[in-house]
Structure formats: C-alpha cells, structure tokens
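Enquirer: sharing a sequence plus its predicted fold:
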Amino acid sequence: MRVTGPSTFRRAFATRAPELMSNSEAFVETLAANKVEHAFGIVGSAFMDALDLFPRAGIRFISTQHEQGAAHMADGYARASNKAGVCIAQNGPGITNFVTGIGAAMGAHSPVICITPEAGTLTKGHGGFQEVDQIPMFSTITKAQYHVNHPARMAEFTDLAFKTALRTRGPTQLNIPRDYFYGTHKFAIPEPLDISLTRTPGNMTQLQRAAQMLAGAKKPVILAGGGVVMGQAVAETKALAELLGAPVAVTYLHNDAFPCDHPLAVGPLGYQGSKAAMAMMREADVVLALGTRLGPFGTLPQYGESYWPEHAQIIQVELDADKIGRVKPCDVGIAGDAKLAAAELVKLCAEAGAKRLERPEILAAQQMWEKELGERTMAGEAGSVNEKLDGQMIPRMALRELQKAMPDNAMVATDIGNICSVSNSYLTFKEPQSYFAAMTFGNCGYALPTVMGAKVARPDRPAISYAGDGAWGMSFMELMTCMREGIAVTPVVFNNRQWGAEKKNQVLWFGDRYVGTNFTNPPAGWAGIAKAMGVEGIQVSHADQVGDAFKKALQMQAEGKTCVLELMVNRELGDPFRRDAMKLPQRLLQKYADFTETAESATGQPVDVSEQR
Ligand SMILES: Cc1ncc(C[n+]2csc(CCOP(=O)(O)OP(=O)(O)O)c2C)c(N)n1
Ligand SMILES: [Mg+2]
C-alpha cells in the first residue's frame, strides 16, 4: 500500500506502488485486485493476450455458447453473490450479442462489468473486420461507460468500472481498443473500494419526520423492495416491522426481500401478487417504501382491483435520489441505503414512542389469500375445463407441486412468459438473494443462463430455472455450457406449444386470430433434446408425478448433473400482462372490417386450449 494513514477517504482510494508491467498484466492484475474469480464470455483474438493470464491470476474463464448467455450469467452471478459479475467477448459481433444481456442487467440493478474490446486505434474508421461503434449501443443500458483512451490508463479505467458498478448498482462498460492490450507502462494497481464507505442512511431531518409518521400511524405498512435484498437489510427490516407490528409486503418480483414464514409477511404486490398484500396496502395510513423506486409494474391494479392507498402518507427510501417520487408521489423522500436507513428508523421510532400494534387483520388477510390461491390452483384458469384430459396438466397445479417440493435454500430464476408470470404466486422464499426474475427489461431467454451464473457464485445452493417453451428455445443452447463447464442446475420447461403470454392478447382482444403464436416443439420433446445434448431430461404429464421428478432432478444437481424437467401442460392462460397498454382494435378500411372487435373474449381462454400440437 502506497497510501496509509487515518483518513478513511485515502484508504478507500489507495493504490499499490507503481510497477512496470504489460498493459494486459495491468488489466488482469486490476481484475484480480477487485477479487474477480470468474469471467463469462466467448474467446476472441481481441483480448487473447490478457485471457492467456487469467488462470495464473486466479480467474476462471467460463466459456459460454452465446455472448447473451455470458452477460446473463454475469448478472446471475452478481445477483447471487452481491459481488460484481464480469463478461468479456470479441469486438464487433461478440459485443453486439451482449446488448440484450446488459439491458436485462440494467433492469435488475446488477453490477455487471461488461468488457468490450474494440477495433484497434490505428484502423478504427477504415471499416475493417468486426468494427462497429460499441459506445452508443450501451449508452442507455449502463450506469457509466469507460473508454480506455490511452493504454497507460488501463488500470485506472478498469478499476473505475468496478467502483461505479458497485456504488451505483448497475452494469458499467469498459471499452478497450484491442491494440492497447499490447505494450508496457508503469502502473499503480488501485485497491478495490469498500462500498460501505459510500453509503449513508439519508438526511437525518427526513428520517426523523419519517419516524414520527410511523410511530403515530394506526395502520403502517412496510413495502420492502430490491434494495432490501441488495443492501442486505432483511434483519433491520424485520426489527422495524416487529417494533411497529407492521405487515411487510414485498415489491413486484422481490419475493425474497422478506422471509415468507415471518408472521408479518403478507407477500408480493404486482402481477399475480398476493391479495393479502393488496388488502394491507389498501387500508394503510402510512407506507414505508424501503429500498424501492416504486416502479410502475409493481403498483398497477391487479385482479381488476386497485390497492395503492392514494390518501396514505408515503415515505420512500431509495439509493438513487433521481428515482424518489418519480412514479408515485411521496411525502417524505430519503436518498439513502435501505439497511442504514432501516436501522436508523428502528432507533428513531423507539425514541418517538412507537409501540407494537395488535393487528388481527394481518392473519385474516393471510388466511384469506391462502384459501383463495388454493381454490384458484385447483380450478386452473378456466374452472377445470381440462381436468379430464390425459397427458396435460393445469399449469397452476404444476406450479403448486413444484412449490411443495422446493428446497428451502433454493435459488430460482424465472423467464418472461405467461406461466412464469403466474409462478409469482407460488414462489416463496425464506432468505434473500433467492429469486432472480427477468426484471423490467423483460426479455425471453433470461432464466437458464442467469441461474447458471448464480450457481457458479453459490455452488452450495440448489439452482432452478423456470421457462416457457418459447423462451426455452431462445436459451437452451447454454445446456452445452452446463455440460462442458460442469455447472449443474435444474431447468424446468413448461411445454404448452405456444407463445402463451402474447397469445393471451390475441384471445382477449384480437378475435382468437393466432398470428405467430402457436408452434410445435421437437418430436423428441425438450427432455429428449436435453439427453441428446449430453445432459439429462425427464418429461412429466401428470401433476402427481411432478414432485418426485423434481426431487430426482435436484438430486442429480447435487451429484453434479444437469437434468431438464419438461412439464406437459394444457394451453390455458392466466391474466394478460399488459392490460394497461392494450385496446380493442378499430379498423376503418372495408378490407379489414371484420377485424374490428367490440368486446373482450367471453371465455378468456384459447379456442384450442386442449390441443396437443
Ligand atoms: C426477447 C423477447 N422477444 C419477445 C418477447 C415478447 N414476449 C413476451 S412473453 C412471450 C411469450 C413467451 O412464451 P413462452 O416462453 O412459451 O411462455 P408461455 O407464455 O407460453 O408460458 C413473448 C414472445 C420478449 N419478452 N422477449
Ligand atoms: Mg409456451
């Protein structure tokens, strides 16, 4: 350490003594200084001079099947470990393949370091091989973009990419002209930043106002968001909830932000969320939105009912000050860290005389929702219309069977699709960093590679992905990576022979005209394809066999083998995802006159609900 002394600031930004080394060595040593142990990507000449050093520097390069998969794996790795995830690829097409994965990481607030070697400085602009402008395409899906503008600054920018990603919680890009890996300079390798030094609980006056409101509330509710997971604030949230006797709802797709078995847990808001959470919110007089930007999808009406308490006082704690009050107005905005703010609020609420309220309505709401979800499960979406059909399950029953057999410490990644969205009702977690849904970016093809990255970070925990057959078709090539790299996971595929979530829109609003939404799957089945690819596969058609098959696949995972669990389900469909954005179509030309619709579908279900192909 070159800089020592009592100043926290100086310690936080310390560097090692400068040393003569190659630019590639400076790059790799900075990765190592930032404790990088894994990097995901596909090999390319652009960064081979640095790649050569990875093993000696203690970095395992995980060679994926597609760069999109590598970016998702870095995302899953970051989400499961709370450390930075790293991906790297060849300039040009390797980098354009990253775009979707980085968009998803941005939506998930994942600190992913997206390393993008680019065309050499002496040929850039000549229109040479694999040359593309790599900065604009990431400009709105990264927190910061660092371009190494001189090779002597390799270590500085590489380190900065980590500091910014971890501090601002999102992907950063490190763009390196490929010729800059060659050459030598004197480099001072920076020490990694202790991120906790950058965090504060927020403005004290605002925290005091918030505590007064909470202590005086009759029906306070805590709404715990992703910031509680990422900021490791569950213990503080629990302490605050117990002090107030307040129910804790979680924001959309953050079901792991509060332990589901806690007596004050009422479950998630948002699409297919918990009616217990909705009931508590509707009645609230003060809401503490903790570690959440209150994104629009988590606050829209569900089951045809709105629940956002328009007249309640809203306190919002959010790390990113620009997101405070942006979607939902708030009375007190606190730009702070969820853990530190919650700890401060525990202290201040106690000082303000807060007492634990007796709230019998919490248990009543929990029981009401448990009963209703049980009934919805048995009836499916269409009142058991298909129960008599052999060889196909009601999707909700399959989801319930998976939930029943789910190990306690499971990590689950879910894809975008109708059945995956409905799974939100059935995914409950006792610990944080367990639920890795495709967040607001919402791309199909997310779940398998993301959970693979999570498994690399946490090999001790069971890793499960859920995907519809359409999304699976976009991502299953990463099974090759599972096989080659020895990453054992348990992917679940829902075989309904359709792009169901989009077909639901055609059912409801487009007269059951199924343009581009029905398809056939491989005759061997996805389980058969898995076997042909060198992993295992089990196909199940009866709900009563799901639990055993799932346990068998999990056992294989424990033994180091990936086994795809293919579930044959009927074509019934849950609520549409974008009711907020859809309208009945109006056609003015005579040619299209009968394409005008005047009412939503009466049944709400596809006309081919039980067809096998
Ligand atoms: C990359 C990408 N392409 C298209 C979409 C639009 N889209 C959203 S859901 C969906 C259907 C998903 O089908 P499937 O994975 O089979 O699940 P299901 O809805 O049938 O349960 C599509 C095409 C998307 N979200 N992402
Ligand atoms: Mg499908």
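Expert: Done, it's in. Ligands and ions are numbered 1, 2, ... in the order given.
Enquirer: now do the SS call for residue 273.
Expert: Secondary structure for residue 273, judged by DSSP: H, G, I helix; E, B strand; the rest coil, is coil.
Enquirer: ok, the one 4 residues further on next?
Expert: Assigned with three-state DSSP, residue 277 falls in the helix class.
Enquirer: how about residue 466?
Expert: The three-state assignment at residue 466 reads strand, by three-state DSSP.
Enquirer: which bits of the stretch 451-600 of the chain sit near ligand 1?
Expert: Residues of the stretch 451-600 of the chain lying close to ligand 1 (C-beta under 6 Å from any ligand atom) are 468-471, 494, 496, 498-502. (Glycine included, C-beta is placed from N, CA and C.)
Enquirer: relative to residue 207, which of those is nearest.
Expert: Each of these was scored against residue 207 by C-beta to C-beta, and residue 501 proved nearest at 41.4 Å.
Enquirer: nearest spatial neighbour of the closest one, skipping sequence neighbours?
Expert: Excluding the flanking residues, the one nearest residue 501 by C-beta to C-beta, 6 or more residues apart in numbering is residue 418, at 4.1 Å.
Enquirer: burial count for the one you found?
Expert: 28 (other C-beta atoms under 10 Å).
Enquirer: from now on call the first residue 4
Expert: Sounds good: first residue 4 from here, last item residue 421.
Enquirer: per-residue pLDDT of it, please?
Expert: Looking at residue 421, its pLDDT stands at 98.
Enquirer: before we move on, the earlier item: cross the residues of the stretch 454-603 of the chain next to ligand 1 against helices and list the overlap.
Expert: 472-474, 503-505 (DSSP state H).
Enquirer: in the stretch 154-303 of the chain, which residue sits nearest ligand 2?
Expert: Distance from ligand 2 to each residue of the stretch 154-303 of the chain (C-beta to the ion) is smallest for residue 275, at 16.4 Å.
Enquirer: test my guess that that residue contacts residue 305.
Expert: Yes - taking contact to mean C-beta atoms under 8 Å, the distance of 7.4 Å between residue 275 and residue 305 places them in contact.
Enquirer: shared neighbours of those two, anything?
Expert: Taking C-beta atoms under 8 Å, 6 or more residues apart in numbering as the contact rule, the neighbours common to residue 275 and residue 305 are residue 578.
Enquirer: roughly how far does residue 72 sit from residue 477?
Expert: Noted for residue 72: a distance of 10 Å to residue 477, by C-beta to C-beta, to the nearest Å.
Enquirer: the more surrounded of those two?
Expert: Neighbour totals were compared for residue 72 and residue 477, and residue 72 leads with 28 against 17 (other C-beta under 10 Å).
Enquirer: show me what contacts the more buried one?
Expert: Shown in contact with residue 72 (C-beta under 8 Å, 6+ apart): 43, 104, 451-452, 455, 478, 480-481, 484.
Enquirer: distance check, it against ligand 2.
Expert: Here residue 72 is placed at a distance of 20 Å from ligand 2 (C-beta to the ion, to the nearest Å).
Enquirer: what is the burial count for residue 595?
Expert: Neighbours of residue 595 using other C-beta under 10 Å come to 11.
Enquirer: tell me which parts of the chain are close to ligand 1?
Expert: If contact is defined as C-beta under 6 Å from any ligand atom, the residues of the chain in contact with ligand 1 are 419-422, 445-448, 471-474, 497, 499, 501-505.
Enquirer: out of these, which are buried?
Expert: Neighbour-count burial (16 or more other C-beta atoms under 10 Å) is assigned, among the residues of the chain next to ligand 1, to 419-422, 445-448, 471-474, 497, 499, 501-505.
Enquirer: by proximity to ligand 2, which residue of the stretch 104-253 of the chain wins?
Expert: Scanning the stretch 104-253 of the chain for the residue nearest ligand 2 gives residue 107, at 19.5 Å (criterion: C-beta to the ion).
Enquirer: and that residue, how far from residue 445?
Expert: Counting by C-beta to C-beta, the gap from residue 107 to residue 445 is 8 Å.
Enquirer: helices along the stretch 504-616 of the chain, start to end?
Expert: If DSSP state H, counting those that start in this stretch is used as the criterion, the helices of the stretch 504-616 of the chain fall at 528-535, 549-561.
Enquirer: to residue 237, which of the ones you listed lies closest?
Expert: Proximity to residue 237, assessed across these by C-beta to C-beta, is greatest for helix 549-561 (25.0 Å).
Enquirer: one step back: need the max-distance pair from the ones in helices among the residues of the stretch 454-603 of the chain next to ligand 1.
Expert: The distance between the two most remote of those (C-beta to C-beta) is 13.1 Å, for 472 and 505.
Enquirer: just the strands in the stretch 104-253 of the chain please.
Expert: Taking DSSP state E, counting those that start in this stretch to define them, one finds strands in the stretch 104-253 of the chain at 115-121, 147-150, 175-180, 187-190, 223-227, 251-253.
Enquirer: what's the most buried one of those?
Expert: Ranked by average neighbour count under the criterion mean count of other C-beta atoms under 10 Å, these are headed by strand 251-253 at a mean of 31.
Enquirer: so which elements touch it?
Expert: With contacts defined as 3 or more C-beta pairs under 8 Å, 6 or more residues apart in numbering; DSSP states H and E, strand 251-253 has these neighbours: strand 223-227, strand 268-271, helix 278-286.
Enquirer: can you do 10 Å?
Expert: Secondary-structure packing of strand 251-253 (3 or more C-beta pairs under 10 Å, 6 or more residues apart in numbering; DSSP states H and E): strand 223-227, helix 229-233, helix 237-247, strand 268-271, helix 278-286, strand 289-293.
Enquirer: the third one vs strand 289-293, what angle?
Expert: Interaxial angle, helix 237-247 versus strand 289-293 (axes from the mean of the first three to the mean of the last three C-alpha atoms, to 10 degrees): 170 degrees.
Enquirer: report the mean confidence score over helix 237-247.
Expert: Per-residue pLDDT over helix 237-247 has a mean of 98.
Enquirer: so how far is it from its chain's centroid?
Expert: Distance, stretch centre to chain centre, for helix 237-247: 24 Å (C-alpha atoms, centre = their mean, to the nearest Å).
Enquirer: go on, the first one?
Expert: Strand 223-227 sits 22 Å away from the centroid of its parent chain (C-alpha atoms, centre = their mean).
Enquirer: just the angle for that strand relative to helix 278-286, thanks.
Expert: With the same axes, to 10 degrees as the basis, strand 223-227 and helix 278-286 are set at 130 degrees to each other.
Enquirer: show me what strand 223-227 is packed against.
Expert: Contacts of strand 223-227 with other secondary structure elements, assessed using 3+ C-beta pairs under 10 Å, 6+ apart, are made with helix 207-219, helix 237-247, strand 251-253, strand 268-271, helix 278-286, strand 289-293, strand 316-321, helix 341-354.
Enquirer: CA atoms only for the second one, dumped as CSV, please.
Expert: By that I understand helix 237-247. This file holds the C-alpha atoms of helix 237-247, laid out as CSV (Å, rounded to 0.1, in the frame of the first residue of the first chain):
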residue,chain,number,x,y,z
VAL,A,237,-33.6,-8.0,6.0
ALA,A,238,-32.6,-8.1,9.7
GLU,A,239,-33.2,-4.3,10.1
THR,A,240,-36.5,-4.5,8.2
LYS,A,241,-37.6,-7.3,10.5
ALA,A,242,-36.6,-5.3,13.6
LEU,A,243,-38.6,-2.3,12.3
ALA,A,244,-41.7,-4.4,11.4
GLU,A,245,-41.7,-6.1,14.8
LEU,A,246,-41.3,-2.8,16.6
LEU,A,247,-44.3,-1.4,14.8
